[in-house]
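**Student:** Need coordinates for the following:
(one chain, ligands or ions: 1)
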Amino acid sequence: MKMHDLNLPESVDAYFFDTPGDTAVALADAVAKHLSERLLIAPRASLVVSGGSTPLPFFEALREKPLDWARIDVLLADERWVSEDDNDSNTRLVRESLLQGPASEARYLSLKQPGDTPADGLAAAETALEELHLPLDVLILGMGNDGHTASLFPDAPELDQALDTDSAAIVAPMTPPSQPQKRITLTLRALSRAGFTALHLKGDDKLKTLQGACSDIENIREMPIRAFLKPGLQVYWSA
Ligand SMILES: O=C(O)[C@H](O)[C@@H](O)[C@H](O)[C@H](O)COP(=O)(O)O
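**Tutor:** Model (predicted):
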């Protein structure tokens, strides 16, 4: 699909690659560049990543980058409320695939905290993020075919609050009936205006979903990814 079919907003750059591996390497290069530039002028940098099945080759490429990882705070955009040894845990994915090698020096800020539900663990999660400076420096988002990103799900009863950028909340519990697990997510207030935001996608289905998202950009509740289709976003896609 040619870029113009996406009618992305002005100055949203879309990069199309032949393979997920090529995408991963290119995205890792861009992220490493932004993190190292940030660390030239700030004592620490924040890197927010997403879970799911797409990021693995990106994590494997990024972790080998010769960055000052001890000065980088790594956290998830969202998390399933499962134990860290659960196969569905994004924290497990990040610890096993990203926080290895040079990147093992990074400081990991965990959204997953003790508590039977995300609501029970919310205060501890907020405390864990106390040192997180906003706006974020680097944010990597995925997208589901319902147009969710992070755990901003269209069917979540808490979506309006999580999208309310006037709210002070930077993290919120989400209980989308479409999902098998309860979730915790960074809110739109926390996720917006990052220094560098990339949308990392794989597959024709995701490209079609993105095309649909571009067709009615203002209707964010219907497809929360639309909140990020703004100038400066970089889309990285492969079949
Ligand atoms: O916890 C999660 O699932 C992610 O944070 C979520 O927002 C993900 O990025 C999309 O669902 C895409 O997931 P895939 O990469 O598996 O398609």
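**Student:** and the residue in the chain that the ligand sits nearest to, backbone torsions?
**Tutor:** Of the residues in the chain, the one nearest the ligand is residue 142, at a distance of 2.2 Å by C-beta to the nearest ligand atom. For glycine as for every other residue, the C-beta is placed from the backbone atoms N, C-alpha and C. Backbone geometry at residue 142, expressed as degrees, to the nearest 10, gives phi -110, psi -170.
**Student:** got it, and residue 234?
**Tutor:** When quoted as degrees, to the nearest 10, the phi and psi of residue 234 stand at phi -120, psi 130.
**Student:** was I right about it contacting residue 198?
**Tutor:** Yes. A contact is recorded between residue 234 and residue 198 when judged using C-beta atoms under 8 Å, the distance being 4.7 Å.
**Student:** Looking at those two, which one has more neighbours?
**Tutor:** Neighbours were tallied for residue 234 and for residue 198 using other C-beta atoms under 10 Å; the higher tally belongs to residue 198 (23 against 17).
**Student:** what are the bridge partners for the most centrally placed residue in the chain, then?
**Tutor:** Nearest to the centroid of the C-alpha atoms of the chain, with distances taken as C-alpha atoms, centre = their mean, sits residue 141, at 3.3 Å. In this structure, residue 141 bridges to residue 199 when assessed by DSSP bridges.
**Student:** residues touching it, list them.
**Tutor:** Residue 141 makes contacts with 50, 77, 149-150, 191, 197-200, 225, 228, as judged by C-beta atoms under 8 Å, 6 or more residues apart in numbering.
**Student:** For residue 122, see how far away it is.
**Tutor:** From residue 141 over to residue 122 the distance is 22 Å, taken as C-beta to C-beta, to the nearest Å.
**Student:** from memory residue 71 sits against residue 38, does it?
**Tutor:** No. Under the criterion of C-beta under 8 Å, residue 71 makes no contact with residue 38, lying 9.4 Å away.
**Student:** Identify the contacts common to those two.
**Tutor:** Contacts common to residue 71 and residue 38, judged by C-beta under 8 Å, 6+ apart, are residue 45.
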